[in-house]
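Peer 1: output the structure for:
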Amino acid sequence: MLISHSSLLLFAGGAAVLLVIPGPAVTYVVSRSIGHGRAAGLVSVLGIVLGTLGHVVAAALGISAVLASSALAFQFVKYLGAAYLIYLGIKTLRTKDHQLLATVAGEARLARIFGQGFLVNLLNPKTALFFLAFLPQFVDPARGHVTLQILQLGTLFALMG
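Peer 2: This next block holds a predicted model:
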């Protein structure tokens, strides 16, 4: 059964608002693209996409519901993500200038950038908020699952944001 037009418009409008507010994933991709070039930017996007897939799988398996019901668990994930971003920032600030120049010149390991992108989005509170708080509002309890349209749109908006 298809979702009603009013619910679909409400969902798309709300997701669009969340989309235009840049989050840690956008900041990470832009910084890697500027600092390490196009290849690093593309690899970081792939890591972000895999992190989003982690959120989709967690939502599909009901793990998101556990996090949503436990304020402590959600706070833990949120602060873990913030700590990881702070760690990356401090690591960058402590790097010597000649090391930064060597990295910009092409010595950045793409596997490491991919892994960092994955962690940045997996621990991204904005993406977690989308899948934990926003998306469940469009679940039909009578059917016990998210409609395919909402899941597809949600994944698309999360990937773009």
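
Peer 1: quick check, residue 113 in contact with residue 36.
Peer 2: Yes - using C-beta atoms under 8 Å, residue 113 is in contact with residue 36, at 6.9 Å. C-betas here are computed from N, CA, C, even on glycine.

Peer 1: list the buried residues for the helix or strand residue 81 falls within?
Peer 2: Per DSSP states H and E: residue 81 is located in helix 71-94. Burial within helix 71-94, assessed by neighbour count using 16 or more other C-beta atoms under 10 Å, is assigned to 74, 77-78, 81, 84-85, 88.

Peer 1: now swap in stretch 10-29 and tell me
Peer 2: 11, 14-15, 18-19, 23-26, 28-29.

Peer 1: of the residues you listed, closest to residue 62?
Peer 2: The closest of these to residue 62 turns out to be residue 11 (C-beta to C-beta; 20.6 Å).

Peer 1: which strands and helices sit next to the one helix or strand the closest one maps to?
Peer 2: Following DSSP H and E, one finds residue 11 within helix 5-20. Under the contact criterion of 3 or more C-beta pairs under 8 Å, 6 or more residues apart in numbering; DSSP states H and E, helix 5-20 touches helix 148-160.
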